[in-house]
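*Asks:* Okay, sequence plus prediction incoming.
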Amino acid sequence: MLRPIISKTTTTTLRTVSNQRRHFIISTLASLATFTQSNFFQDMRKVDKFEELDELTNVTTTGKAEDVSESKYFPDGRIKLNTAEQAILFTFSGINAFLHPEVGANVNTFGEVSAFTAILANMRDNMLLSESGRQILRERPLMNSTTLDPQYLCKLPENTLGYQYLKFTQDGDERAPVKFIQDEELAYVFLRYRQIHDIAHILTDKKIDLAGELPVKAFEFGNTGLPMTGLACFAYFKLSSKRKSNVHMLDSLIAGLNATPLYTVYWEKMMERDVDELRKELNIRL
């Protein structure tokens, strides 16, 4: 039997490559271990509970806590990140969101760090093109059950946006605050998108299960251009063949592209409007 002839040089080269690869893996693991113990990583954990920020700012015995709070956090609780930290958070949150999409915190974090400045700025500029968008940016309304009176909404006709919104959000409509977007105005733009997500469900007539969430994400991708909404569409391949036949992702994407940007509409003033009429005005085709 003939045996392959491997020279000493080749053997030495292979051994060197193997050693380099081993050293790379070890150094990478060491770096990850170091990162998880870093102050930045600890701060990421702390910010998940905003009440901990109050504890930091209220400690005045040495003055150190106030200095840390001022250097690490914006006044509204958002975390200050440099470019390297943003890249690291983008990578880790992306992996976590892919592996555990059922955990809302993973998706929320990745949604923020993947919302690049140019995209959010474009959304802000679209808002500036309309009177309602400019008013939203000036007044910064927050859409939730504390600003919309449930007692008033429940008395509206059934096909009004207000009644449908109350029905759709009966289990709660609170949205996570924005933590990682650095520009304050753009952080609000993203929060506005996040808070009108239920409006997108109502106007596209989609439920909140996976088969309903996916076409809404496709619609939002066409309507906003946010990367997270586009990447979420890949969960389509998790559906069974039977359910795929009832989910029309391309149609939803095109509908989002053709519709008026939903984030430019002052929805708090539209609660008495008929849902079907709103669809026609905003060019939303089901």
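*Replies:* Great, that's in hand.
*Asks:* Below-threshold pLDDT in this structure: ranges please.
*Replies:* 1-70 (pLDDT under 70).
*Asks:* Which residue, other than its chain neighbours, is closest to the residue nearest the centre of it?
*Replies:* In the chain, the C-alpha nearest the mean C-alpha coordinate belongs to G111, at 2.6 Å (CA atoms, centre = their mean). Setting aside the residues directly before and after it, G111 is nearest to M228 in space (CB to CB, 6 or more residues apart in numbering), at 4.0 Å. To be clear about C-beta, it is placed using only N, CA and C from the backbone, and glycine gets the same treatment.
*Asks:* dump the residue contacts of the one you found.
*Replies:* Contact analysis of M228 by CB atoms under 8 Å, 6 or more residues apart in numbering lists V107, F110, G111, S114, A115.
*Asks:* Contact partners for the second one?
*Replies:* This means F110. Contacts of F110 by CB under 8 Å, 6+ apart are F90, S93, G94, N96, A97, M228.
*Asks:* quick one: it is in a helix?
*Replies:* Yes. According to DSSP: H, G, I helix; E, B strand; the rest coil, F110 belongs to a helix.
*Asks:* how close does it get to F180?
*Replies:* F110 is 10 Å from F180, where distance means CB to CB, to the nearest Å.
*Asks:* again with the third one
*Replies:* Using CB to CB, one obtains 9 Å as the distance from G111 to F180.
*Asks:* my guess is L286 meets D276, correct?
*Replies:* No. If you go by CB atoms under 8 Å, L286 and D276 don't touch, sitting 9.9 Å apart.
*Asks:* re earlier: which residues do G111 and F180 both contact?
*Replies:* In contact with both G111 and F180: no residue, using CB under 8 Å, 6+ apart.
*Asks:* can you pull out the helices in the stretch 151-286 of the chain?
*Replies:* For the stretch 151-286 of the chain, helices defined by DSSP state H, counting those that start in this stretch occupy the ranges 161-168, 184-195, 197-204, 210-224, 227-232, 241-244, 249-258, 275-281.
*Asks:* which of those sits most buried?
*Replies:* Across the helices of the stretch 151-286 of the chain, averaging neighbours per residue (mean count of other CB atoms under 10 Å) puts helix 210-224 on top, at a mean of 22.
*Asks:* wait, what's in contact with A200?
*Replies:* V216, F219, E220, N223, L262.
*Asks:* Serialize the residues you listed to TSV and add fields for distance to N122.
*Replies:* Formatted as TSV, those follow (distance: CB to CB, whole Å):
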residue	distance to N122
V216	21
F219	18
E220	14
N223	12
L262	15
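*Asks:* sorry, back to before: can I get the helices of the stretch 151-286 of the chain in JSON lines with distance to R175?
*Replies:* Formatted as JSON lines, the helices of the stretch 151-286 of the chain follow (distance: least, CB to CB, whole Å):
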{"stretch": "helix 161-168", "distance to R175": "14"}
{"stretch": "helix 184-195", "distance to R175": "5"}
{"stretch": "helix 197-204", "distance to R175": "7"}
{"stretch": "helix 210-224", "distance to R175": "14"}
{"stretch": "helix 227-232", "distance to R175": "14"}
{"stretch": "helix 241-244", "distance to R175": "27"}
{"stretch": "helix 249-258", "distance to R175": "20"}
{"stretch": "helix 275-281", "distance to R175": "21"}
